[in-house]
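> take a look and give me a structure for this.
(2 chains)
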Amino acid sequence: MEPILEVRNLTKIYEGGVLANHQINFSVEEGEIHALVGENGAGKSTLMKMLYGMESVTSGQIFVRGKEVTFHSSKDAIAEGIGMVHQHFMLVDSLTGAENMMLGVEGTCFFTDRKGDIKKTQEIAAQYNFEIDAERRVRDMSVGMKQKLEILKILYRGAKILILDEPTAVLTPQETEELFERLKELKEKGMTIIFISHKLKEVKQISDRITILKGGRTGGTYRTADVTEEEISRLMVGRVISFDYDKQKLKPEKELLRVEDLYYKDKFQVMKLGGVSFTLRDKEILGVAGVDGNGQSELISVITAEFRANRGKVYLKGKDVTNASIGEIRAEGLSYIPEDRMLNGCAAPMSVEENMIVSNIDSFANKAKMVNFRKVKEHSLHLIQEFNVKTASEKQPIKSLSGGNIQKAIVAREFSAGSDVLILDQPTRGVDVGAISFIHSKILEMRGEGNGILLVSADLNELISLSDRILVMHKGKIVACLDNTKEKVSEEELGLYMLGIKTQEGVSA
Amino acid sequence: MKKNRLDPMKYFSVLRIVCAIAIALAIVFVIIFFVSDMPVLAIRKLVLGPLETKRSFFNVLERAVPLIFSALALNIILRSGVFSIAADGSFYMGAVIATGIAVKIQLPNVIHQCVLILVAAIIGGFISMLPIVLQKYTRVNATVLSIMFNSIFFYVGYSIVSTYLLEKSGQWGSPYFPDTARLGNMIKGTSMHWGFVIMIAVVVFVVFLMEKTSFGYKVRVTGINSNFAKSAGIKTGKIILGASFISGMVAGMGGAIEMVGMYKRFQWQSSVNYVWDGLMIHMLANENPYFIPLIAFFIAYLRIGAEIMSRATDLDNEIVAFLQCIVILLVGAERFMYFIKKRHEQKLALQQAEEAALKGGA
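I've put the predicted structure just below:
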């Protein structure tokens, strides 16, 4: 049978020379649910955007039902029967479900037919067995209903091939189950579904075939029944990584950072930190675990003086720095690797060299504030070598480096600043495996040199393999402080604390 | 090998500007051929006119002086990431202050000029700081504020001259400047004044400040990514304020020098709008202070050429505005000649992918 959709040697290079897709080949049979899996940054979204006409194709061909097509906009793709549900919904919040359905449909009159629209929407919903409230405004709908509305929208536009970009990322388990029921029904009606996800369990549950993307290339197509989750995971990541480090046994001697009874309310008056206290000592790595949005990033922001605490104190090496400026705290001996390296970790168009001196620029200047560029060059060349930053020269704009190398450059800058306290917020997020193990070894080296390290990470594996103690945050409070030195904490146990199912009585950290 | 890979893109922006100018000139030549009775003469006067006499060549240099001051002032403030054009107000007020000190205070030669330029610079600096300070307290956008302040300071300056500095008889304007206040003639037979030398010193100062000092570095980091600058401990508010002050100083100085260098008395009855020329030059120079004098001379050359052309032929010198528009349109258009860059980037990306694949295989 001829595939309904086929892609041959598709390559996409973004402006600025980022190679997102390289010689992608894959095909989708009519009436199947085809899963597309891959790590963050593997090129899944780019590929789908090209199939939906949202991004231009650099080279390669797309065939729909054996006919080569070129899409200039998503309108062309819709005309070929391709529809896409984006990860972030494309709905108008202030309009009703029915109005969103009819928005931009060809052949509608200049004036809207309110009742007719609602009726039509209900008919379509009934036809596909989707439950939606056509009269309700989108902003009042649940996430699950919004998603169903999105799917109906593209079905109404005559889509036969549905692309769903991480549809379950925002759904509760129950909503996910319901979505899967509907998807299976659609499949029985002869629809073809391309399902993008990195949740392997769901992929295994719903798909017929799987195509794996890795680093912008195709890693093969498999029948779902023939591969196990472990195999898919191995194909996605390349190799199974284990973080088993030989950690020196060290005895902390003095306290470096102490946080006392910290409270913080955000601008919507939501309590983000509700009385957090802990102590960070030298020669130790203190991990902070928690489900995203339970106050970890606010804690970091308060400690690094980006936000001001409503109540409570922060002491750095015994000195009260609760209301000190960022510059003062840094001068006092605190370095910080932010979560989002492009947002506040570097100046993208500036050179690697210039990015490596930003926090200690004054130490390179003489009394007349003249920067000694020879010293800067020596310093940055030294760091590039020591931290193994792969760059053509120190004058390259930092944005031309890969994510892992940008991160290594940032780590180099912060670790070489001579601070005693290092605050690391997701130091290895979105970084390749080689860079991860390199950064980990540097973190352990800093520990050995007597620094105190506060490590916030969403990667439990990372936390467990590096930390001496692990704090667990839940709803702005520390619910547990687990000792990780004698015996490794298990991920399951951390999970129980993170979800708030278990709490330690009288936590003292 | 590594160096070769980078080279073609290094001169890409220069190449783009040269091409834009060439295309603009070609279009203007075609127009001249259509509308003029003596096109060859017109083109010759436009292109070579400024080189024909000593006087007209030096006219180009002195015409460039205020353009360079404006462009440098904008370079400093725009690179801190704040789009403020308050330099216009500083420039006009600089000229007014210089006039006031020139006609109201008597001082010996040299000291008189130094005092009036210095005071104009300091007041210009404070004027440029105003939009930034007000933005902090009112949350009104600094761009809007700076445009409003330009109007305000034009009328403030105008009324200062009308009220305190007006020569009662004759045309509207101040009394003639005493010789101690004027920037004397540098070269006989031209109207070249010593302001040119001061201009060169200021160019060197700004290049130094922006490219070689820690202050300039902080300004650039703040302009490129203020979040990053903040989290690295740079006090971005202070840096922007400092940049706006220095920018205003340069503009105020430029106004004073233009006034006592080029004119015998204050007669600016309408706003001079050097700031837009400055903005254009800053943009064409690709934000690089090294190129600002070069581009400013080019613009001044075109304008003088057009004036000579209009005196010699039936064409109006406004044709230069046309030429400028085309150049700015092309340079501003990101897509102009983008295909060259794109091809290069794509080649590089594929090459890197192949290298990575080879390494992975081995």
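> tally of neighbours for the residue of the stretch 251-362 of chain B found nearest chain A?
Residue of the stretch 251-362 of chain B nearest chain A, by Cβ to the nearest Cβ: B:E345 (3.4 Å). C-betas here are computed from N, CA, C, even on glycine. Number of residues near B:E345 (other Cβ atoms under 10 Å in any protein chain shown) recorded here: 20.
> A:S457 too?
23.
> contacting residues for it?
Applying Cβ atoms under 8 Å, 6 or more residues apart in numbering or on different chains to A:S457 gives the contacts A:287-289, A:424, A:426-429, A:463.
> before we move on, what about B:S13?
Applying Cβ under 8 Å, 6+ apart, we find B:S13 in contact with B:N286.
> excluding chain neighbours, what is closest to A:K247?
Nearest residue to A:K247 in three dimensions, chain neighbours excluded: A:L444, at 6.6 Å (Cβ to Cβ, 6 or more residues apart in numbering or on different chains).
> contacts only, for that neighbour.
Listed by Cβ under 8 Å, 6+ apart, the contact set of A:L444 reads A:245, A:247-248, A:285, A:466.
> isn't the residue of the stretch 251-362 of chain B closest to chain A up against A:S400?
No: using Cβ atoms under 8 Å, B:E345 is not in contact with A:S400; the gap is 9.7 Å.
> could you look up the SS state of B:S247?
In three-state terms, and counting by DSSP: H, G, I helix; E, B strand; the rest coil, B:S247 is helix.
> nope, A:V411 is what I meant
helix.
> near chain A, which residues of the stretch 151-300 of chain B?
Contact residues, the stretch 151-300 of chain B versus chain A (Cβ under 8 Å from any Cβ of the partner chain): B:212-215, B:217-218, B:220-221, B:224-225, B:227-235.
> so how do I select the buried members of these in PyMOL?
Here is the PyMOL command that selects only those of those that count as buried (16 or more other Cβ atoms under 10 Å in any protein chain shown):
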select buried, chain B and resi 212+213+214+215+217+218+220+221+224+225+227+228+229+230+231+232+233+234+235
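> any stretches of the stretch 51-200 of chain A with poor pLDDT?
Judged by pLDDT under 70, the stretch 51-200 of chain A has its weakly predicted residues at A:106-108, A:169-170, A:172.
> can you name the residue of it nearest chain B?
Closest point on the stretch 51-200 of chain A to chain B, by Cβ to the nearest Cβ, is A:T58, at 6.5 Å.
> surely that residue and B:Q346 touch.
Yes: the pair A:T58 and B:Q346 qualifies as a contact (Cβ under 8 Å) at a distance of 6.5 Å.
> close to chain B: what parts of the stretch 351-500 of chain A are there?
So far as Cβ under 8 Å from any Cβ goes, the stretch 351-500 of chain A lies against chain B at A:354, A:357-359, A:361-362, A:364-365, A:368-371, A:373, A:392-393.
> which members of those residues occur in helices, if any?
Using DSSP state H, the members of these that fall within helices are A:354, A:373.
> name the nearest of the residues of the stretch 351-500 of chain A next to chain B relative to A:G97.
Ranked by distance to A:G97 (Cβ to Cβ), those are led by A:V358 at 49.3 Å.
> next, the nearest residue to the closest one once chain neighbours are set aside: phi, psi?
Spatial nearest neighbour of A:V358, excluding adjacent residues (Cβ to Cβ, 6+ apart): B:A232 at 4.5 Å. Main-chain dihedrals, B:A232, degrees, to the nearest 10: phi -90, psi 0.
> please enumerate the shared neighbours of A:T58 and B:Q346.
Jointly contacting A:T58 and B:Q346 under the rule Cβ under 8 Å, 6+ apart are A:I13.
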